[in-house]
Every structure is written in C-alpha cells, then in structure tokens.
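Asker: Next come a sequence and a model predicted from it.
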Amino acid sequence: MKFVLIFGPQAVGKMTVGQELAKLTGLKLFHNHMTIDLVGQFFDYGTKEGKRLVKLFRREIFEAVSKSELPGMIFTYLWAFDLKGDWKYVEEVCQIFESKGGTVYFVELEADIDERLKRNITPNRLEHKPSKRNIEWSEKNLKETAEIYRFNSLKGEINRENYLRINNTNINPEEVASIIKEKFEL
C-alpha cells in the first residue's frame, strides 16, 4: 500500500500534479476539496461542525483504503507548518497507512506567489473546486493566509526517508508527476 501525500500552499498545483500522478501510477487521487466542498454544501469549512465532518469523512476513506486491495492513494493537503494541529493530523493520517504496512511518500510543492495567483483561476481548478469559483474571495484568501501561515517547510524540518521537494513554478504538472513517479518508483 502506497500513500502519497502532496502538500504545499494554495494553487501550487497539488491537485493537478495529483491528477497526472494518478494517470501514471493508477493510484486513486483524493484531493482535499473533495470533502471540503461536499461538507460545504451543509456547513462552512471554517465552522466546528464543518471541520469535524471533513475530518471524519477523510478518516473513514483513509481507513477503508488502507484495508483494501487498492495499491494505494494520493492525497493533497494544505499543511500549515506553524500549527501543531496540522503536524498531528499528518502524523495520524500517515499512521493509518503505516500501521498496516503501507509506505508513505511526502511530496512538497512550492511556487512563486505570482504563478500561484495565475493558477488560482485555471479552468481545471475551478471545475474541481467549487468553493474556489468566487475568484475575488479565493485570491484574497490566498494572499491573506500566506501572510498568516507558513505553507512550506523549513530546510530539515521534514525528517522522512521518502521526501521530495519540488519548486514547480516553471515545471508543468506532467513533468512533476514523472519526477515523483521515478524518484519513488511508483
């Protein structure tokens, strides 16, 4: 069982790279907005109930996949490195797979904010993430949270054997997916 965790700031290309990696590997993609936008039909993600339901649905899917005959999955996550709760969450998710003999692969993406602002309005992103279709709000959120949180790790902060960091500002998603597939022999 392989669990590929793709993380980085908003609009860095996590989902798009995940889509390409899924094509190359046959692993299923579970991008973070699949649950955020589902729950958002009933409860805003920022609310206590919204966060609880997103976490619950994700955990159930992780548990089911980790026990299944599937070869693994790809998950995208917006990890705030300055929040202890995010570190704890990542560890809990990894433990679900590792406790059943799975291997976890960490893929960190980074890109310049100007490039991320361009990617924030791409048709693929807007098609798959309904909550991002309010462009004015989405752009404002991207800029404001970049001032409040740190969405990329510091050098040496992630101590995992299977870790890869890619600055994909000028690299297309297909190439990034190929780099990941080759590095981890997926």
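Answerer: Arrived safely.
Asker: if I look at the residue nearest to the spatial centre of the chain, how far off is Glu147?
Answerer: Centroid-nearest residue in the chain: Thr76, 1.6 Å away (criterion: C-alpha atoms, centre = their mean). Thr76 sits 22 Å away from Glu147, going by C-beta to C-beta, to the nearest Å. C-betas here are computed from N, CA, C, even on glycine.
Asker: The closest residue to Asn32 other than its chain neighbours bridge partners, please.
Answerer: Spatial nearest neighbour of Asn32, excluding adjacent residues (C-beta to C-beta, 6 or more residues apart in numbering): Thr76 at 5.1 Å. Here Thr76 sits in beta bridges with Ile6, going by DSSP bridges.
Asker: if I pick Thr76, what's in contact with it?
Answerer: Residues counted as contacts of Thr76 (C-beta atoms under 8 Å, 6 or more residues apart in numbering) are Leu5, Ile6, Phe7, Lys14, Met15, Gly18, Leu29, Phe30, His31, Asn32.
Asker: tell me the contacts of the closest residue in space to the third one that isn't next to it in sequence?
Answerer: Spatial nearest neighbour of Phe7, excluding adjacent residues (C-beta to C-beta, 6+ apart): Trp79 at 4.4 Å. Remark: with contacts taken as C-beta under 8 Å, 6+ apart, Trp79 is in contact with Phe7, Gly8, Asp86, Val90, Phe151.
Asker: Most neighbours among the residues you listed, which one?
Answerer: Within these, most neighbours by other C-beta atoms under 10 Å means Gly8, with 26 neighbours.
Asker: Looking at this structure, which strand is longest?
Answerer: Longest strand of the chain, by residue count under DSSP state E: strand 103-110.
Asker: List the pairing partners of it within its sheet, with orientation.
Answerer: strand 2-7 (parallel), strand 163-167 (parallel).
Asker: circling back to that earlier point, over to the residue nearest to Phe7. Which of the three states is it?
Answerer: coil (DSSP: H, G, I helix; E, B strand; the rest coil).
Asker: Just the pLDDT at Pro123, thanks.
Answerer: Note for Pro123: predicted pLDDT of 82.
Asker: just Lys129 next, same as before
Answerer: pLDDT, read off for Lys129, is 83.
Asker: what sits against it?
Answerer: Counting by C-beta under 8 Å, 6+ apart, Lys129 touches Met15, His33, Asp37.
Asker: Swap in 7 Å and give it another go.
Answerer: His33, Asp37 (C-beta atoms under 7 Å, 6 or more residues apart in numbering).
Asker: Check the gap between it and Asp37 for me.
Answerer: When distance is defined by C-beta to C-beta, Lys129 is 6 Å away from Asp37.
Asker: re earlier: got the contacts of Trp79 as TSV, with secondary structure columns?
Answerer: Output for the contacts of Trp79, formatted as TSV (three-state DSSP):
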residue	secondary structure
Phe7	strand
Gly8	coil
Asp86	helix
Val90	helix
Phe151	coil
